[in-house]
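Chemist: sequence below, structure please.
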Amino acid sequence: MRSGTKIVLVALAAGTLGAIASLAMNGPGPFLGSELGQRLLQSSMDASAPPVPAGISIAKRGEPIAGFIVPSLDGRKVEVPAAYAGRPVLINVWASWCGPCIEEMPELQRFHAQQGDNGTQVVGIALDEAAAVRDFLGRVPVTYPILVDAAGPADAGVRLGNPKGVLPYSVLVSADGRLLKQRIGPFGKGEIDDWAE
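Modeler: Prediction:
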């Protein structure tokens, strides 16, 4: 092995060990909020995900999302992502019992209000019971649409590329229905603005 190759390998190994040590000592910090951190996290979770039922399509980054039906809180059937075509849409999968989901809702509401009628849409899909969602929204109101799905191996989160079912989980969908970005975990203050660009 040439000395230049050895130096590169040693540098890569040292960098990897440094990153691991930093994560162990300081937690994920901003790394998991970065696009690279999210891609690595998504890859590791996909590899250890439970099997998905036959015939269920899981969205993949850059590809069109296969349509699926999710009911709204009033029982109306909504086809995702077709119902939101024409503008980008940030879909946030959450539950009323999920602490990090609840913490990020004011940030999602702020972003929704800031985007108005022409910007990126925000839609929440609660993996929960409709009564629990209604009760929760009575205490923490939001003005963006909320859909409700039953948690399980073929729920909306799984179909949107999260077969492991970690919450909260958000995706950015293009105006023509392609999966652009995925995010596991909550948004911190101001993070949505850069992420949804």
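
Chemist: okay, which residue is most central for the chain?
Modeler: S170 (2.0 Å; C-alpha atoms, centre = their mean).

Chemist: check contacts around it.
Modeler: L90, I91, N92, V93, Q182, R183, F187 (C-beta atoms under 8 Å, 6 or more residues apart in numbering). Placement of C-beta: from N, CA and C, glycine included.

Chemist: do you know the pLDDT at the second one?
Modeler: The predicted structure scores I91 at 98 on the pLDDT scale.

Chemist: go ahead and confirm it touches I125.
Modeler: Yes - shown here, I91 and I125 form a contact pair, counting by C-beta atoms under 8 Å, at 6.3 Å.

Chemist: where does pLDDT dip in the protein?
Modeler: 1-50, 52-53 (pLDDT under 70).

Chemist: could you chop it up by domain?
Modeler: With domains defined by automatic domain parsing, the chain comprises 1-33, 35-195.

Chemist: give me whichever of those is most buried.
Modeler: domain 35-195 (a mean of 17; mean count of other C-beta atoms under 10 Å).

Chemist: how far away from the center of its chain is that one?
Modeler: Distance, stretch centre to chain centre, for domain 35-195: 6 Å (C-alpha atoms, centre = their mean, to the nearest Å).

Chemist: measure the closest residue to G86 other than its chain neighbours to P64 for me?
Modeler: Leaving aside its chain neighbours, G86 sits nearest to A175 (5.6 Å; criterion: C-beta to C-beta, 6 or more residues apart in numbering). A175 is 12 Å from P64, where distance means C-beta to C-beta, to the nearest Å.

Chemist: now do L90
Modeler: In this structure, L90 and P64 are 17 Å apart, going by C-beta to C-beta.

Chemist: I56 now?
Modeler: Per C-beta to C-beta, I56 is found 16 Å from P64.

Chemist: show me where this structure has its strands.
Modeler: Per DSSP state E, the chain carries strands over the ranges 68-71, 77-80, 89-94, 121-127, 146-149, 169-173, 179-184.

Chemist: I192: which of those is closest?
Modeler: I192 lies closest, by C-beta to C-beta, to one member of the strands of the chain: strand 89-94, at 7.2 Å.

Chemist: which helices and strands does that closest one pack with?
Modeler: Helices and strands touching strand 89-94, as assessed by 3 or more C-beta pairs under 8 Å, 6 or more residues apart in numbering; DSSP states H and E, comprise helix 99-115, strand 121-127, helix 156-159, strand 169-173.

Chemist: thanks again, I'm all set now.
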